[in-house]
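J.: below are the sequence and a predicted model; questions follow.
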Amino acid sequence: MAPHDIRRPFKRAAISDQQKRRELSLLRQAQNRRDAQQQARCLASSILSLQSAAPESQPEQSDIELETVPEAEQESEAFSKDLDVRQASKLRGPEVRKWFARQLMLPEWMIDVPDRLAQDWYVFARPAGKRCFVVSSNGTTVSRQRNGSILHHFPSALPAGAKIRDGSGSAQSYCILDCIFHELDQTYYVIDMVCWNGYSLYDCTAEFRFYWLNSKLEESGACNAPSHYHKFRFSAVPVYNCDQSGLHAAYTGVVPYAKDGLLFYNKHALYQTGNTPLALVWKDENCSQFVIDTDGKGEIPSQQQVVLELQDDRKLVTSDDPPVLFGCLDGDIIEKSGLHTGNLLRFAIGDGGLSFVDGKLEKADLIYLGKSNRARAFADSYSKGFQLKSL
Amino acid sequence: MEVTQVLFNAQSIDGTVRKNAEESLKQFQEQNLPGFLLSLSGELANEEKPIETRKLAGLILKNALDAKEQHRKFELVQRWLSLDATAKSQIKACLLQTLSSPVFDAHSTTSQVIAKVAGIELPQKQWPELIGSLLFNVHQIPAYAKQATLETLGYLCEEVSPDVIDQDQVNKILTAVVQGMSASEGNIDVRLAATRALYNALGFAQANFSNDMERDYIMRVVCEATLSPEVRIRQAAFECLVSISSTYYEKLTPYIQDIFNITSKAVREDEEPVALQAIEFWSSICDEEIDILEEYGGEFTGDSDVPCFYFIKKALPALVPMLLETLLKQEEDQDQDEGAWNIAMAGGTCLGLVAQTVGDDIVPLVVPFVEENITKPDWRQREAATYAFGSILDGPSPENLIPLVNVALTFMLSALTKDPNSHVKDTTAWALGRIFEFLLGSAVDLPIITQANCQQIVTVLLQSMKDTPNVAEKACGALYFLAQGYEGEGEPSPLTPFFQEIAQSLLTVTHREDVGDSRLRTAAYETLNEVVRCSTVETAPLVLQLVAVIMMELHNTLESQKLSSEEREKQSELQGLLCGCLQVIIQKLGSSETTKYAFMQYADQIMGLFLRVFACRSATVHEEAMLAIGALAYATGADFAKYMPEFYRYLEMGLQNFEEYQVCAVTVGVVGDISRALEEKIVPYCDGIMTQLLKNLSSNQLHRSVKPPIFSCFGDIALAVGEYFEKYLMWAMSALQSAADLSTHIAGDDELVEYTNSLRNGILEAYSGIFQGFKNSPKTQLLITYAPHILQFLDGIYMEKDMDDMVMKTAIGVLGDLADTLGNHASSMIQQSVSSKDFLNECLSSEDLLVKESAQWAKLAISRAISV
């Protein structure tokens, strides 16, 4: 029997890097598995059903889970909605696209002048760029486009937007901003504020939201030039009352960004997801370079296009609620192209254009082009069709 | 068969003769196993045969009874047990007879063979007369028979577990052994054999150590043996003390003062092998006390097993000076010698453990030594001072250490560049690494690294990477921990401005001419990995540039041809490092959407390189490349499908690699990555993958740690392919059910509990994936038949009350998935289960956020299932 070896590690790290690599891989895999599971669980069922029921009808009925105390209903509902946005930010795949698409407030096209425009509405020049949700939480900031894809993942000066040791924001705090990312000056223009520092603004009027936006955003330092902890500059846009001088300022005024139309917001409207007539968009050659659809090279296609959703009775409808019927699809095409209910289809508007009677669509000359891009999550709205006609 | 000649030929220097002899031995064994073993034992016993053949006969016998691989060992045990009883008793008789042989090689080999046979037979209650006849031998003269018998008892205690031998026999063994050790035994070899036998027999002496008189007697004999004139006996006696220190820590109080005196005399005066064991005694006590203090948070609670007796704390004023003295006994070139272990190293290591055990108390005892020696002209004193400082950095509170470090830092940086002695520089770099390892990122207001000194630190470390290989390696290590100190996304890292310079220097190190024989190259790549892992968004473009550089390096290793086997081994090692580095980079860049897109341009080329790496044969490289491919699949998503036709065969090879089970385990993980990436596009490969996974589950050759991830992998696949999983459902469910039945009840040690929980987790993840995969499909009804068993499993593990938070989270999630997918078909079943009530409520009020989240999901899903 030989003496026993008693050598101990000397001047060495206890864990090898190879072991560390293994463990980190396992960690990543476990995280990915959790994400995949979470996605299967939440997005396919609970959140989607919760959200589709949520917008205008009684919110307290749509939420079976969270409310217990009647007076806390409003708050908890809003809270659950915010929380979902934060959770959904971590997910990916087609379901998340669908989900995100329904979270933004989408303006209708302005086809007539609302009553009391001067008193009840705001107007501002819409920056050209990518519409997105910016969510800051847990020391990081993520921007997601309408189709759910991540635009940036970055540190920001928004509350909870960066990991800074002094820990100014608590772990629970977070923000959700409705923004347009303007490529040219790499700036996020904040057009609405949904949540600030853990405080939900879903159920606040536009008047309050804009006031809050203007005071808080500046205060947070998010409007400062980019730095180590603050990758992109944020900026509010100048908002005017919709009287003659306000309209003039928004329409012709000089702004640091390229304009893409004018947005009108009703001062009393709450933040409502999906298409709403309480926000409107106007575009013409003077205030937008994108007044009509262009293709990838910026050229105008010979025919204007719309994307419509196929329903089970072969009807083609818009994304409006209730959906507007645009036409019916031939059974042959459905069969030949292997289309299913819910598919989003692209159509060109033929020479016959759209005919309206009494402001209602009567006939549309639609030419089937094919399925829409996979990244697309919803059909165009009726008012887009209308605006196309008016050009 | 004339076995002597064959055994002789089997040791011939002539390869052909040797091969023939081995062949005929093999044939003999296959044709007539009992005859074969019998002739070998006859050869071993025959005093007229040459030593060489007797020795080889013994060795072959031993190898016929035991093997390293678990499954092979099991086969051999079964083979021996089923052997003809007459043959066995003849063999055993020969063996016992040989034990009295005057030829050393014969009886020494025999004692090992007997122990192997005992290891098989005693647990089966066979060979009951063995211990009796051995003990009878002990009282025999001549001395060599006595010696052989004591050795046999020692091996036997090593081979069998204590519960196999009854206390009466244990008492007799111990009596014989302790008598053999005592000073009255005149023969040195007998005393030595007895002392070494005691080392193994200590584990059997639980009852005897609980008896004060018997324990006093054993301890006295052991302590006396430490004073024997024979150095080997002294060494063996100290080994016994080391073993006692961990096995019977709680019985040491009456002896600790004497032991301190004995050990400190040995450390100062005795020969090195003895002194090393004496130091080890204190290191081992530290291990014990660190464990105890960690477990009980320093508070002796009434229900804990072992209280802390604070032996180290009490011995501190004498112990620390003794250890500091050893630090001055360095060997000239110990840093260049991988295998070196000397008194200075052992003493230094022990000092570090003492610091961990007592914390702040050590600081005032060590600091004067450091201050006194750090500037002395003799390098030994400077090195010892630096080592002492480095070794107390883990243990005392940062508040206590940081002021010292702030004073020392400038001096150390200057020593690292200017000290004329390489040994001092080596230790200085190591100590800097310890500063960064233990004192960065601690929540202390006094920062060690400031804007002002960061530049200097980096410059000095990078410069030291050009020093001798051992110093350069330690400098890499220091940089590793420096980078690690600033880990975490969005954290401010003062290293950011130096990223390029650091990466460049590390790559330069990997190309040093003299990098070959040391660990330097590995250290450089590992440091690069850590620098990449801890890098921030600002340096992402630089990380991206590294991709092409590392790819080129890997490409070069694949181009070189006609290498010697030694060169090939080096090459594999390098490929492993490069694949590991690429893996880290892919994971880093893949974790953010923007960097991921930029990285994608390299995906095809990288995959091409990995495929070429797989064509080379080396387990480590395969594991690294496999891990890298997992990261790549995650980054590429569905596009990974284009690599599958070529990659699939290597995936299958990996799944079949039972021997290098790490490769198998990693491959199973990668199947999960690929499932998530490809989703339904993985269908064409599912038949092959599922077949192999099911095969792996039923194999007893595959390391058990791979099995839980295989179950999780079922879940990944099911989630990816949805109802297409129907094809495999029956097989997968039956494997899951039998594993679930096995894992409901655990009886065993902590390790088994941990394993069972990981098994449960795997099973539950599989169920989750399957339920979610089948959701909204017309085939959900297929799952209804399995639901009762699954609910029973959930109830079962809940009742056992021994699951960890991870299992809890997964289990309650499965309840939700079941409800979600089966809906009202399962509502009455769910309502009857304990899980849907007590377990769910327990999870809902859990402190663990993940458990809570899962539970909320389950509650929602159940309420829907019930309300529909």
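T.: Nice, I can see it. Residues are numbered from 1 along each chain as shown, chains lettered A, B, ... in the order given.
J.: run a quick neighbour tally on B:Ala615.
T.: By the measure other CB atoms under 10 Å in any protein chain shown, the count of residues near B:Ala615 is 8. C-beta coordinates here come from the backbone N, C-alpha and C atoms, glycine included.
J.: tell me the pLDDT at it?
T.: Listed pLDDT for B:Ala615 reads 85.
J.: so what's the backbone phi/psi at it?
T.: Here the main-chain torsion angles of B:Ala615 (degrees, to the nearest 10) amount to phi -70, psi -20.
J.: what do you get for A:Arg144?
T.: Backbone torsions of A:Arg144, given as degrees, to the nearest 10, read phi -120, psi 130.
J.: next, the closest residue to it other than its chain neighbours: phi, psi?
T.: With CB to CB, 6 or more residues apart in numbering or on different chains as the measure, A:Phe133 is the residue that lies nearest to A:Arg144, at 4.9 Å, once sequence neighbours are left out. Note on A:Phe133: backbone dihedrals following degrees, to the nearest 10 are phi -90, psi 130.
J.: same deal with the one 4 residues further on?
T.: According to degrees, to the nearest 10, the main-chain angles of A:Ser137 amount to phi -160, psi 150.
J.: and it, bridged to which residues?
T.: Each beta-bridge partner of A:Ser137 is listed here: A:Thr140, A:Tyr174, as defined by DSSP bridges.
J.: what's the distance between it and chain B?
T.: For A:Ser137, the distance to chain B (CB to the nearest CB, to the nearest Å) stands at 12 Å.
J.: and the residue nearest to A:Arg144, what's its pLDDT?
T.: Model confidence at A:Phe133, given as pLDDT, is 86.
J.: again with B:Gly773
T.: At B:Gly773, the pLDDT recorded in the model is 91.
J.: can you check B:Ile457 too?
T.: 95.
J.: and for the residue nearest to A:Arg144, the neighbour number?
T.: Taking other CB under 10 Å as the criterion, the count of residues near A:Phe133 is 22.
J.: what's the spacing between it and A:Cys175?
T.: If you measure A:Phe133 against A:Cys175 using CB to CB, to the nearest Å, the figure is 10 Å.
J.: likewise B:Leu542?
T.: As for B:Leu542, its distance to A:Cys175 is 31 Å (criterion: CB to CB).
J.: in terms of neighbours, single out the busier of these two.
T.: More crowded of B:Leu542 and A:Cys175, by other CB under 10 Å: A:Cys175, with 28 against 16.
J.: wait, isn't that one in contact with A:Ala157?
T.: No - contact status for A:Cys175 versus A:Ala157: not in contact, 10.7 Å apart, counting by CB atoms under 8 Å.
J.: run through who's touching stretch B:615-627.
T.: Residues lying outside stretch B:615-627 but in contact with it, judged by CB atoms under 8 Å, 6 or more residues apart in numbering or on different chains, are A:18, A:21-22, A:25, B:558, B:572-573, B:575-577, B:579-580, B:583, B:610, B:613-614, B:650, B:654, B:657, B:660, B:662-663, B:666-667, B:669-670.
J.: restricted to helices, list these.
T.: Cross-referencing the contacts of stretch B:615-627 against helices under DSSP state H gives A:18, A:21-22, A:25, B:558, B:572-573, B:575-577, B:579-580, B:583, B:610, B:613-614, B:650, B:654, B:662-663, B:666-667, B:669-670.
J.: can I have the buried ones of those as a PyMOL selection?
T.: Buried members of the ones in helices among the contacts of stretch B:615-627 can be picked out in PyMOL with the line below, counting by 16 or more other CB atoms under 10 Å in any protein chain shown:
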select buried, (chain A and resi 18+21+22+25) or (chain B and resi 572+573+575+576+577+579+580+583+610+613+614+650+654+662+663+666+667+669+670)
